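K.L.:
Here you go, sequence then predicted model.
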Amino acid sequence: QKEVEQDPGPLSVPEGAIVSLNCTYSNSAFQYFMWYRQYSRKGPELLMYTYSSGNKEDGRFTAQVDKSSKYISLFIRDSQPSDSATYLCAMRAGNTPLVFGKGTRLSVIA
Amino acid sequence: DGGITQSPKYLFRKEGQNVTLSCEQNLNHDAMYWYRQDPGQGLRLIYYSQIVNDFQKGDIAEGYSVSREKKESFPLTVTSAQKNPTAFYLCASTLWGTSYGYTFGSGTRLTVV
């Protein structure tokens, strides 16, 4: 079992839809959870960061962490064509390096 | 502006050659990382360094080497021992011992010809 599992998609939604992206993990020591957005041929950029369990909201984006289920989610409300990118979940325990999911490719169709 | 600069953007390597990818940051970050990204594989850790003159192997270090002689610089050498080097290489940095996420460079696309 891989440490972090993420459905690679692709996921295609109409403009304005609510998007749900998810990752599961196996290492119960993970305590820092992040979502990165990566446009084609670019480096990833940090989108959301959450420590331990709970929710965090930033504009149209909401990150959720459920440590009891080892499950994290990213919700995008009112999705826009500019949200079309690959979304990578990442997590780590303490000072260990980030472990990334494979990424989910999202297309928002106008 | 502070950031991470990776060069070159595109690199072509002949069979049997060693090539070096450059990574420079002016963020005063102490920890630096190299990841490899292949289609459908996500990011896989090659090497990382927490302080100058010290580095650790990641999950796929075979066929790669690094050095960390300066805080700002963390070059990656892809040696001829790396059998499948064609990939997108990403360098990242962060403040060690903090909960901050990583800042990534814009990547180097390496192709074997």
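P.N.:
Looks like it came in fine. Residues are numbered from 1 along each chain as shown, chains lettered A, B, ... in the order given.
K.L.:
got the residues of chain B near chain A?
P.N.:
Residues of chain B found near chain A (Cβ under 8 Å from any Cβ of the partner chain) are B:4, B:6, B:33, B:35, B:40-45, B:48, B:50, B:58, B:88, B:90, B:92, B:96-97, B:99-107, B:109. Using the backbone N, CA and C atoms, a C-beta is placed for each residue, glycine as well.
K.L.:
Show me which of the residues you listed are buried.
P.N.:
Buried subset of those (neighbour count, 16 or more other Cβ atoms under 10 Å in any protein chain shown): B:4, B:6, B:33, B:35, B:42-45, B:48, B:50, B:58, B:88, B:90, B:92, B:100-105, B:107.
K.L.:
Now do the same for residue A:82: helix, strand or coil?
P.N.:
Under DSSP: H, G, I helix; E, B strand; the rest coil, the three-state class of residue A:82 is helix.
K.L.:
what about it, neighbour count?
P.N.:
Using other Cβ atoms under 10 Å in any protein chain shown, residue A:82 is surrounded by 8 other residues.
K.L.:
Mind checking which of the buried ones among the residues of chain B next to chain A land in strands?
P.N.:
B:4, B:6, B:33, B:35, B:42-45, B:48, B:88, B:90, B:92, B:103-104 (DSSP state E).
K.L.:
Most widely separated two among those residues?
P.N.:
B:4 and B:42 (19.7 Å; Cβ to Cβ).
K.L.:
Quick one, grab the pLDDT at residue B:1.
P.N.:
The model reports residue B:1 with a pLDDT of 63.
K.L.:
for the residue nearest the centre of chain B, which residues make a bridge with it?
P.N.:
In chain B, the centroid-proximal residue (Cα atoms, centre = their mean) is residue B:34; its distance is 3.0 Å. Judged by DSSP bridges, the bridge partners of residue B:34 are residue B:47, residue B:91.
K.L.:
So it sits against residue B:93, correct?
P.N.:
No - the criterion here is Cβ atoms under 8 Å, and residue B:34 misses it with residue B:93 at 10.6 Å.
K.L.:
tell me, what's touching these two both at once?
P.N.:
Common contacts of residue B:34 and residue B:93 (Cβ atoms under 8 Å, 6 or more residues apart in numbering or on different chains): residue B:74.
K.L.:
so which one among the ones in strands among the buried ones among the residues of chain B next to chain A has the lowest pLDDT?
P.N.:
Least confident of these in the model: residue B:42, at 87.
K.L.:
Look up how far residue A:78 lies from the residue nearest to that one when sequence neighbours are not counted.
P.N.:
Of all residues not flanking residue B:42 in the chain, residue A:102 sits nearest, at 3.8 Å (Cβ to Cβ, 6 or more residues apart in numbering or on different chains). In this view, residue A:102 and residue A:78 are 26 Å apart by Cβ to Cβ, to the nearest Å.
K.L.:
now stretch B:56-73, how far from the centre of its chain.
P.N.:
7 Å (Cα atoms, centre = their mean, to the nearest Å).
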